[in-house]
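>>> Everything below, folded, please.
(4 chains)
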There are 2 protein chains.
Amino acid sequence: MVEQESQHRLTDIFKAAGDPTRRSILTLLAQQGPLRVTDIAAHFDMSLNSVSKHIKVLEGAGLVTRRTEWREHLIELRVEELAHVDRWFRDLRSIWALRLEALDTLLTQETDT
Amino acid sequence: MVEQESQHRLTDIFKAAGDPTRRSILTLLAQQGPLRVTDIAAHFDMSLNSVSKHIKVLEGAGLVTRRTEWREHLIELRVEELAHVDRWFRDLRSIWALRLEALDTLLTQETDT
DNA sequence: CTGTCATTCACCTATTTGGTTGATTGATTG
DNA sequence: CAATCAATCAACCAAATAGGTGAATGACAG
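This next block holds a predicted model:
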């Protein structure tokens, strides 16, 4: 159950990061701090509308939050959320390492006998 | 140019990792080591054909390689390639950290004067 | 040579995605 | 109030994606 939820989150994050425009937006936010939708859109050769959609995808993945102050929406990067990816990566690596280790001890035993 | 190429690669990797079935395949390979297409397919409630396609996507992203021995195709995980993802997120984080640091020193100077 | 196994290829379908334009909401300014 | 600005919503389109079935390829076993 919890596993399912975590998997779903991870899928959203990877999908969001799978688009070059969206990765550029994330980089831009990391460099410049919170920005308005219009300011972000100014960096791309694309309609404001499309950029707005991209931002919503990032928001859905939790990679970004929106602080609606006045009539402007301030978009902000959420670095913490990246920890999900870190964890997945680390888990996969440890599974891999465990297998190699087991294989190694098996081979050692073989040469011992 | 080189930047473009790297971006394209990254997009492929993220897209490949953005599917739960494909992530499961990666985990499976990490646990069990190289496997045949049929063996992999046995773990999923899905046609062999679909699994074959998923594997080709992973292969295209470089996350997996194929060793065609006899009539069987041995599919093997390439953990090194996965590090691209990790590195990108790490870079993003460091850009973020640099900005905060700069902001901090700026504020400190202000209170000093 | 025939049959079988492992895998891919070719084709079909439904859904998702990335982009567009035009209308709409809501707040600000003159 | 009228005009403008920030952003979203709605409808639409083309291309890509995830899945399925059935035929084709290529190597091995009898």
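
>>> From the contact counts, what lies against the longest helix seen in chain A?
Criterion DSSP state H: the longest helix present in chain A is helix A:83-112. The contact analysis (3 or more C-beta pairs under 8 Å, 6 or more residues apart in numbering or on different chains; DSSP states H and E) places helix A:83-112 against helix A:2-17, helix B:20-32, helix B:79-112. All C-beta atoms are positioned from the backbone trio N, CA, C, and that covers glycine.

>>> mind checking how far the residue nearest the centre of chain A is from DNA strand C?
Chain A has A:I13 as the residue nearest its centroid, 4.2 Å off, counting by C-alpha atoms, centre = their mean. Distance check for A:I13 against DNA strand C: by C-beta to the nearest atom of the strand, to the nearest Å, it reads 12 Å.

>>> leaving aside the residues next to it on the chain, what's closest to that residue?
In space, not counting the residues next to it along the chain, A:I13 is nearest to A:A61; the distance is 4.9 Å by C-beta to C-beta, 6 or more residues apart in numbering or on different chains.

>>> A:A17 too?
B:F14 (4.7 Å).

>>> Run a quick neighbour tally on that neighbour.
For B:F14, the count of nearby residues is 24 (other C-beta atoms under 10 Å in any protein chain shown).

>>> Can you name the residues that contact the closest residue to A:W88 other than its chain neighbours?
The spatial neighbour of A:W88 that comes closest, neighbours along the chain excluded (C-beta to C-beta, 6+ apart), is A:L10 at 5.7 Å. Residues in contact with A:L10, defined by C-beta atoms under 8 Å, 6 or more residues apart in numbering or on different chains, are A:H84, A:V85, A:W88, B:R23.

>>> Quickly note the distance from the first one to chain B.
When distance is defined by C-beta to the nearest C-beta, to the nearest Å, A:H84 is 10 Å away from chain B.

>>> any idea which element A:H73 lies in?
Using DSSP states H and E, the element containing A:H73 is strand A:72-77.

>>> these two touch, right, A:L48 and A:T38?
Yes - look at A:L48 against A:T38 with C-beta atoms under 8 Å: they come within range, at 6.7 Å.

>>> among the helices and strands packed on helix A:83-112, which is the most enclosed?
Each of the helices and strands packed on helix A:83-112 was given a mean neighbour count from mean count of other C-beta atoms under 10 Å in any protein chain shown, and the largest, a mean of 18, is that of helix B:20-32.

>>> Alright, I will stop here.
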